[in-house]
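Chemist: Below is the sequence, then the predicted model.
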Amino acid sequence: MENSRNFLIAMALSIAVMVGWQFFVISPRTEAQRQAEQSQATLQTPTTPAGTAQDPAVSPAGRESVVPTSRTPEVTGQTRDAALAASPRIPIDTPAVSGSINLQGARLDDLRLKGYHETVDDSSPTIVLLSPETIGKDAYFAELGYSGQNVGALPGPQTLWQAAPGQTLTPATPVTLTATNGDGLTFTRRISVDDKFMFTVEDSVQNTGAAPVAISRYGRVVRFSKPEVASAYVLFEGLLGYLGEDGLQEFKYHNIEEDKRVSPGATSTGWLGITDKYWATALVPVQGQGTFQPNFRYSSDGRAYYQSDYLHEPETIAPGATLASTSRVFAGAKVVDVINGYERDLGISHFGQLIDWGWFYFITRPMFWAIDHLYTLTGNFGVAILLITVILKLFFFPLASKSYRSMAKMKTVQPKLTELREKYADDRAKQQQEMMRIYKEEKINPAAGCWPVLVQIPVFFALYKVLYITIEMRHAPFFGWIHDLAAPDPTSLFNLFGLIPITLPHLLMVGVWPILMGITMFIQMRLNPTPPDPAQQMVFTWMPVIFTFMMASFPAGLVIYWTWNNTLSIIQQSIIMKRYGAKIELWDNLRGVFRRSKA
């Protein structure tokens with residue numbers, strides 16, 4: 001039974017790894033290749049000029065167009081710098097972001113994240129989050145405006161807002177924009193920003209006409225392409241929002257491409273936007289002052305685009321009255337403490353769900369909390385992972401100790417079990433009956449050895465999720481050659497760890513840490529008796545090799561955790577077995593392996 005149990009565990013783990021390989025590696029690469037081909041086709045297809053009736057991407061999220069019919073500039077593939085220079089702008093300069101506000105439409109369409117670079121090299125370009133509509137597929141912007149009927153022209157994509165010269169948006173200096181529509185409505189917009197990623201937009205509309213008017217506020221986030229690298233199975237990227245009683249709504253890019261448009265029920269609270277692995281742009285409409293209708297859209301007519309938008313219910317402004325409202329735009333990195341702070345301090349309901357903690361958030365979030373707090377003490381996320389592994393080992397010590405004690409007792413009765421197998425070789429039922437009698441007399445749980453493995457599975461998954469989704473782990477160094485715990489070990493055995501200057505296929509990038517993980521796994525498995533069945537022997541022999549290649553493509557932080565966990569398990573199991581008088585089979589098994597290899 002011991003051998004059968006080990007065989008089942010080995011097979012289960014092998015299947016789990018292969019399924020993970022398919023989901024985490026093969027599927028994302030296939031999708032990335034498909035997306036690259038689709039993007040290339042998009043660049044080669046003539047596009048419809050923005051602002052025409054065939055391109056609803058530039059129409060606000062209202063029942064009708066609220067802007068003049070004049071066209072916006074055609075998409076000519078101009079450079080980003082040229083697109084920025086083509087319209088009047090107000091600079092943005094904060095400790096976290098830089099960029100500008102486009103006075104045409106009062107759009108937030110130029111934003112760089114100062115603290116984040118494209119690679120681990122700090123001299124590499126900073127991350128560009130938002131870009132103007134006219135640059136092509138990389139266009140991505142947020143916009144707030146008004147919709148209404150029979151009230152004249154309302155601020156929308158074509159509106160040229162006025163601003164005092166020399167203004168710069170900083171945390172200490174808000175900016176004020178104004179616009180009039182010639183029909184008795186004056187619009188004033190005050191934009192402020194904190195030292196992170198939240199923009200606050202205070203709008204007021206004054207009715208100087210002789211009759212009441214009804215207008216609706218709208219907001220939208222528009223993106224013209226998907227992320228260049230497709231996400232893995234464990235990560236959500238796409239259109240999302242938390243919408244009152246409807247809760248969290250998520251639509252992956254391929255899902256909204258099929259549905260075209262999804263309109264949840266109207267709500268008075270919530271937020272919506274578009275999220276990537278590490279970055280997001282989200283709108284927070286006026287909360288608790290009437291309802292708004294959220295929408296999630298995709299259109300492939302003319303120029304394809306993705307859009308999250310809302311339309312507030314109409315509000316009437318009496319002659320001489322002023323309608324005031326405050327909304328917010330988040331555009332930046334999904335830093336856990338920052339996102340949680342906005343939820344707590346600004347009262348944005350469930351804003352923390354902008355980060356994809358997954359179904360097992362009750363494990364994932366505490367795991368991140370613990371690692372993050374250990375990081376504040378050590379200054380290194382890799383060391384924090386090592387420490388959290390020790391803490392988990394101590395926490396589960398009673399369970400592991402009980403399991404290893406049972407395994408030690410199992411070894412002491414192994415001669416009796418062998419005798420039973422020989423005595424009742426032709427009677428399997430009697431053999432099992434006598435074995436269970438011995439287990440009962442010796443107080444042995446034959447399944448106890450499974451617990452250390454079963455306990456490790458949720459911890460492994462939670463750590464993988466934390467390493468994969470949290471921006472805190474992005475470009476977090478360890479020691480030596482590990483400069484990014486969220487990326488695979490960059491070294492490889494097959495080019496002598498960098499001594500031979502050749503480019504290797506991905507499958508041959510087997511670095512130092514995956515090799516160490518394979519060695520520790522091999523040693524841990526050899527602490528137990530070698531299975532007598534040749535098929536099981538082969539599985540036990542090759543499993544560490546298979547895992548070494550599989551884990552080579554996983555984040556280095558996860559491989560370091562597994563290696564360190566294996567090392568602690570070897571020490572723990574050896575001490576407990578020695579204490580209970582069970583023979584440690586390591587050296588005998590190793591000699592047996594080398595004898596078979598020699599033969």
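Modeler: Sure thing, it's come through. Source: prediction; values computed, not measured.

Chemist: Every contact and neighbour count from this point should use C-alpha atoms.
Modeler: OK.

Chemist: domain parsing for this structure?
Modeler: Residue ranges for the domains of the chain, per automatic domain parsing: 46-349, 365-598.

Chemist: Just give me the residue closest to the centre of this structure.
Modeler: I469 (3.3 Å; CA atoms, centre = their mean).

Chemist: Hmm, that one is touching T364, no?
Modeler: No: counting by CA atoms under 8 Å, I469 does not reach T364; the two are 10.4 Å apart.

Chemist: which neighbours do these two share?
Modeler: W357 (CA atoms under 8 Å, 6 or more residues apart in numbering).

Chemist: quick one: low-confidence ranges for the stretch 351-500 of the chain?
Modeler: Low-confidence segments of the stretch 351-500 of the chain, defined by pLDDT under 70: 445-453.

Chemist: Would you map the helices across it?
Modeler: For the stretch 351-500 of the chain, the helices defined by DSSP state H, counting those that start in this stretch cover 361-378, 381-395, 397-412, 414-423, 428-442, 450-469.

Chemist: Figure out which of the domains of the chain is closest to W357.
Modeler: Closest approach to W357 among those (CA to CA): domain 365-598, 6.8 Å.

Chemist: Pull the distance from the closest one to the chain's centre.
Modeler: Once both centres are worked out by CA atoms, centre = their mean, to the nearest Å, domain 365-598 turns out to sit 27 Å from its chain's centre.

Chemist: Quick check: what element follows the helix or strand of the chain with the lowest mean pLDDT along the chain?
Modeler: Among the helices and strands of the chain, helix 27-44 carries the lowest confidence by mean pLDDT, DSSP states H and E, at a mean of 41. Note on helix 27-44: by DSSP states H and E, the next helix or strand toward the C-terminus is helix 80-85.

Chemist: quick one: contacts of that following helix?
Modeler: With contact meaning CA under 8 Å, 6+ apart, helix 80-85 is reached by 110, 131-132, 134-135.

Chemist: got these as CSV, with pLDDT and distance to G244 columns?
Modeler: Shown next, in CSV, are these (pLDDT from 0 to 100; distance: CA to CA, whole Å):
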residue, pLDDT, distance to G244
D110, 95, 30
S131, 94, 30
P132, 94, 31
T134, 89, 35
I135, 88, 36
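
Chemist: can you redo those as JSON lines with neighbour count?
Modeler: Output for those, formatted as JSON lines (neighbours: other CA atoms under 10 Å):
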{"residue": "D110", "neighbour count": "25"}
{"residue": "S131", "neighbour count": "26"}
{"residue": "P132", "neighbour count": "21"}
{"residue": "T134", "neighbour count": "24"}
{"residue": "I135", "neighbour count": "20"}
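
Chemist: Can I get the residues you listed in JSON lines including secondary structure and distance to I438?
Modeler: Shown next, in JSON lines, are the contacts of helix 80-85 (DSSP: H, G, I helix; E, B strand; the rest coil; distance: CA to CA, whole Å):
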{"residue": "D110", "secondary structure": "strand", "distance to I438": "74"}
{"residue": "S131", "secondary structure": "strand", "distance to I438": "72"}
{"residue": "P132", "secondary structure": "coil", "distance to I438": "75"}
{"residue": "T134", "secondary structure": "helix", "distance to I438": "78"}
{"residue": "I135", "secondary structure": "helix", "distance to I438": "76"}
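
Chemist: Now flag whichever of those is closest to L377.
Modeler: Nearest member of these to L377, counting by CA to CA, is D110, at 36.7 Å.

Chemist: So what pairs up with that closest one in the strands?
Modeler: S100 (DSSP bridges).

Chemist: and the residue lying closest to the residue nearest to the centre of the chain once chain neighbours are set aside, how many neighbours?
Modeler: Leaving aside its sequence neighbours, I469 sits nearest to K277 (CA to CA, 6 or more residues apart in numbering; 6.2 Å). Other residues near K277 come to 21 when the count uses other CA atoms under 10 Å.

Chemist: Contact partners for F199?
Modeler: Neighbours of F199 in contact, by CA under 8 Å, 6+ apart: 191-193, 328-331.

Chemist: is it fair to say it lies in a strand?
Modeler: Yes: applying DSSP: H, G, I helix; E, B strand; the rest coil, one finds F199 inside a strand.

Chemist: Quick check, pLDDT for it.
Modeler: Here the pLDDT value assigned to F199 is 98.

Chemist: where's it relative to K277, distance?
Modeler: Here F199 is placed at a distance of 21 Å from K277 (CA to CA, to the nearest Å).

Chemist: go on, D110?
Modeler: Counting by CA to CA - D110 and K277 are separated by 20 Å.

Chemist: Does the residue nearest to I469 lie in a helix or a strand, and which?
Modeler: Using DSSP H and E, K277 falls outside every helix and strand.

Chemist: Same check on the one 3 residues further on?
Modeler: Assigning secondary structure by DSSP H and E places A280 in strand 279-284.

Chemist: Adjacent strands (with direction) for that strand?
Modeler: As defined by DSSP bridges, the strand partners of strand 279-284 come to strand 271-275 (antiparallel), strand 322-333 (antiparallel).

Chemist: Just name the most buried of those.
Modeler: Comparing the strands paired with strand 279-284 by mean neighbour count (mean count of other CA atoms under 10 Å), strand 271-275 comes out on top with a mean of 28.

Chemist: chain center to that strand, what's the gap?
Modeler: Computed by CA atoms, centre = their mean, the chain-centroid distance of strand 271-275 equals 14 Å.

Chemist: V336 and M473 touch, don't they?
Modeler: No: counting by CA under 8 Å, M473 is not a contact partner of V336; they are 11.1 Å apart.

Chemist: Save the strands paired with strand 279-284 as CSV, and put in mean pLDDT and distance to V222 too.
Modeler: Converted to CSV, these look like this (pLDDT from 0 to 100; distance: least, CA to CA, whole Å):
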stretch, mean pLDDT, distance to V222
strand 271-275, 97, 8
strand 322-333, 96, 13
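
Chemist: Same list (these) but as TSV, adding distance to M410.
Modeler: What follows is those, written out as TSV (distance: least, CA to CA, whole Å):
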stretch	distance to M410
strand 271-275	52
strand 322-333	53
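
Chemist: Among those strands, which comes closest to E257?
Modeler: Evaluated over the strands paired with strand 279-284, closeness to E257 peaks at strand 271-275, with 14.3 Å, by CA to CA.

Chemist: Can you list the neighbours in contact with that closest one?
Modeler: If you take CA under 8 Å, 6+ apart as the criterion, strand 271-275 is touched by 220-221, 237-243, 280-285, 294, 307-309, 348, 351, 354.

Chemist: let's see it at 7 Å
Modeler: 221, 237-243, 280-285, 308 (CA atoms under 7 Å, 6 or more residues apart in numbering).

Chemist: That's all I had, so thanks and see you.
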